[in-house]
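Participant: Prediction below, plus the sequence it came from.
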Amino acid sequence: MKITSNPRTTKTMTAAQAIVECMKTEGISDAFCVPGESYLPLMDALYDESSIRLISARHESGAAFMADGYAKSSLKPGVVMATRGVGASNLSIGVHTAYQDSTPMIVFLGQVHSKFRGREGFQEIDLEQYFRHTAKWAVEVKAPERVAEIVQRAFRIAQTGRPGPVVVSLPEDVLPAEAEMTFGPPAVKPKPVPAQEEIKLVEELLATSEKPLIIAGGGVKTSEAEDALVSFAEKYSLPVIAAFRRQDVFPNNHRLYAGHLGLGTNANILQTVKEAGTILAIGTRLSEVTTQDYQILAPEKKLIHIDISYDVIGKVYSPDIGIVADAKKALKALERMEIKSTWKSWVNSRRRAFEEISSLGVSHKDAINKHIVSVMAGMLPDNALVTNDAGNFAGWLHAFYPFKGKHTYVGPTSGAMGYGLPGALGAKLALPDKPVIALAGDGGFMMTMQELETAVRYKIPVISLVFNNDMYGTIRMHQEMHYPEKVIGTDLGRISFKNLAESVGAEGYLVKSADEFSEAFDAALQNNVPAVIEIMTEKEQISVSSTITQIRDRAKR
């Protein structure tokens, strides 16, 4: 980023106008909201700023998920706005998602008038306290003249170190007040480089390793280090496994890709981690899902952990070598190591093990879900972007869809239901030239399906695939595992998602076979308008690996 000789400017304007000025400084072109009277001056200031598009959603959770999907895809902070305690509560799921997913997000929340604070005013919540442990920073602006300072700090905190959400509370009397504002330059993200001594330590450890393995996470994507990771892995013939829901961090069709550590991970992939003697974790917090309930990184394994945040290193596993560094800078620096690869035959065997269980070949015995993924892989260009909601349907996507390029996947590592459609809308606005497909189950889709009208209103052409089995499938699976045949609370009523789509002006399709899906999917891609394809699936095939009957039989034994 070029720094000008005189980066600071001083202007007299309202606090609301100052917020918009800060957004412009940071290069924000899209913001998301559900409107509210407590921050009307901010909306009015956005009306006067043609460079920023305001997307008004149907629900605050949808708006927050849109901001998250936008941020993940654009690599810029997602901006979302809501009103007071009620709007804040509704979008809190998006704040939690951004926190667990390390997504940079700025949340502007209208707050009650300063004179009414502490009196349990209309819709009053102490927003700083409410968000303190699910945001990187939560702050209330009490003086108009400090708006520029605080908002620019918010953007800096959201983007630097481990990215995350920042919540800014805006009392309604502060926003229209005028003051002299001083604006600094946009935030510059530090990119620390490993010290020479650290590089030497890594070199010495890898030189004595027999079966090293890379686990690559979202930090690689944030630092735009995907190409650097490929170059590094190729130089030393290192196999790469993607952390939970970071599959596009490394080309899945590459000879060094060995799988994805997610929910219901196949035994072949777990065996790769089990056999590895040294783990090189790059840009991952080694979450509960990635580490399979914190089980797969056994004490005897050597761990090299590289992350942009010192808070992440050692939080889960104490590393043999911990390096605070930008993923891209670290990978390029580590390419200077002199290491002789002695593990190539093992790498080849683990790639074959992955290929055995990820084949897209289908037969009449396979669930329709796998047929759908096979059709998608055959019809979509390599640059297409896929999002998914929470649910067992995603198991087929994660197990079989080949993510071949960067910026082709967006999904919530927090496991939030309702994410798929609004996340896709945010991603499509950030990357308009990519086809964007959202996958959801009937349970998750109903939580935010109202945002389909938002897609129609703003002409955002995403295609939603809804896998309909009339139940909360993931919870039903666990119910059958722990309390077999005692089904309660997980059955859902029959809904026509095709008709719902058409009722808000989107295209709707209903399919019951792979052939019908192929025809509908082709039409939806060609028409390039918001569309829903409802896919009727069976309750019995509840996951990639098990039927309900099989789960019940295992429980009886």
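Facilitator: The structure has been received and is ready for your questions.
Participant: Whichever helix or strand residue 168 is part of: partners in the sheet, and parallel or antiparallel?
Facilitator: Under the criterion of DSSP states H and E, residue 168 resides in strand 165-171. Using DSSP bridges, the strands paired with strand 165-171 in its sheet are strand 105-111 (parallel), strand 137-140 (parallel).
Participant: In the helix or strand just after the first one, which residues are buried?
Facilitator: Scanning forward in sequence from strand 105-111 by DSSP H and E, the next helix or strand is helix 127-131. Burial within helix 127-131, assessed by neighbour count using 16 or more other C-beta atoms under 10 Å, is assigned to 127-128, 130-131. From N, CA and C alone the C-beta is placed, and that goes for glycine too.
Participant: min pLDDT across these, which one?
Facilitator: Lowest pLDDT of these: residue 128, 86.
Participant: contacting residues for that residue?
Facilitator: 138-140, 167, 169 (C-beta atoms under 8 Å, 6 or more residues apart in numbering).
Participant: quick one: it from residue 37, how far?
Facilitator: Distance of residue 128 to residue 37, computed by C-beta to C-beta, to the nearest Å: 21 Å.
Participant: Which phi and psi values does residue 443 adopt?
Facilitator: phi -70, psi -50 (degrees, to the nearest 10).
Participant: Mark out where each domain of the protein begins and ends.
Facilitator: With domains defined by automatic domain parsing, the chain comprises 9-183, 196-356, 359-556.
Participant: possible to save those as CSV with distance to residue 189?
Facilitator: Shown next, in CSV, are these (distance: least, C-beta to C-beta, whole Å):
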stretch, distance to residue 189
domain 9-183, 5
domain 196-356, 8
domain 359-556, 18
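Participant: Could you single out the most deeply buried of the strands paired with strand 165-171?
Facilitator: strand 105-111 (a mean of 28; mean count of other C-beta atoms under 10 Å).
Participant: ok, residue 97 - contacts?
Facilitator: Taking C-beta under 8 Å, 6+ apart, we find residue 97 in contact with 64-65, 68, 103, 412, 414, 416, 419.
Participant: Try it again at 10 Å.
Facilitator: Counting by C-beta atoms under 10 Å, 6 or more residues apart in numbering, residue 97 touches 61, 64-65, 67-69, 103, 105, 134, 165, 412-416, 418-419, 423.
Participant: same check, this time on residue 153
Facilitator: Neighbour list for residue 153: 22, 137, 139, 146, 166, 168, 184, 187 [criterion: C-beta under 10 Å, 6+ apart].
Participant: What is the nearest of those to residue 453?
Facilitator: Taking C-beta to C-beta as the measure, residue 453 lies nearest residue 168 of these, at 28.2 Å.
Participant: Quick check, pLDDT for the closest one.
Facilitator: pLDDT for residue 168: 98.
Participant: Quick one: neighbours of it, just the number.
Facilitator: Applying other C-beta atoms under 10 Å, we find 25 other residues in the vicinity of residue 168.
Participant: what does residue 236 give?
Facilitator: Neighbours around residue 236, by other C-beta under 10 Å: 18.
Participant: now residue 22
Facilitator: Neighbour count of residue 22, defined by other C-beta under 10 Å: 24.
Participant: what about the helices in the stretch 1-150 of the chain?
Facilitator: For the stretch 1-150 of the chain, applying DSSP state H, counting those that start in this stretch gives helices covering 15-25, 40-47, 60-74, 84-101, 127-131, 147-159.
Participant: Pass me the low-pLDDT residue ranges in this structure, would you?
Facilitator: In the predicted model of the chain, residues 1-6 satisfy pLDDT under 70.
Participant: doesn't residue 370 make contact with residue 399?
Facilitator: Yes. Counting by C-beta atoms under 10 Å, residue 399 touches residue 370, with 8.3 Å between them.
Participant: what's the closest of the buried residues of helix 127-131 to residue 91?
Facilitator: Of all the buried residues of helix 127-131, residue 91 sits closest to residue 131, with 10.1 Å by C-beta to C-beta.
Participant: Wait, that closest one touches residue 88, no?
Facilitator: Yes. With contact defined as C-beta under 10 Å, residue 131 counts as touching residue 88 (7.6 Å).
Participant: Need the residues touching each of those two.
Facilitator: Overlap of the contact sets of residue 131 and residue 88 (by C-beta under 10 Å, 6+ apart) consists of 95, 107, 109, 125, 167, 169.
Participant: Pick out whichever of those sits closest to residue 486.
Facilitator: residue 95 (35.3 Å).
Participant: Identify the residue nearest residue 556 in space, chain neighbours excluded?
Facilitator: Sequence neighbours aside, residue 484 is the residue nearest to residue 556 in space, at 7.0 Å (criterion: C-beta to C-beta, 6 or more residues apart in numbering).
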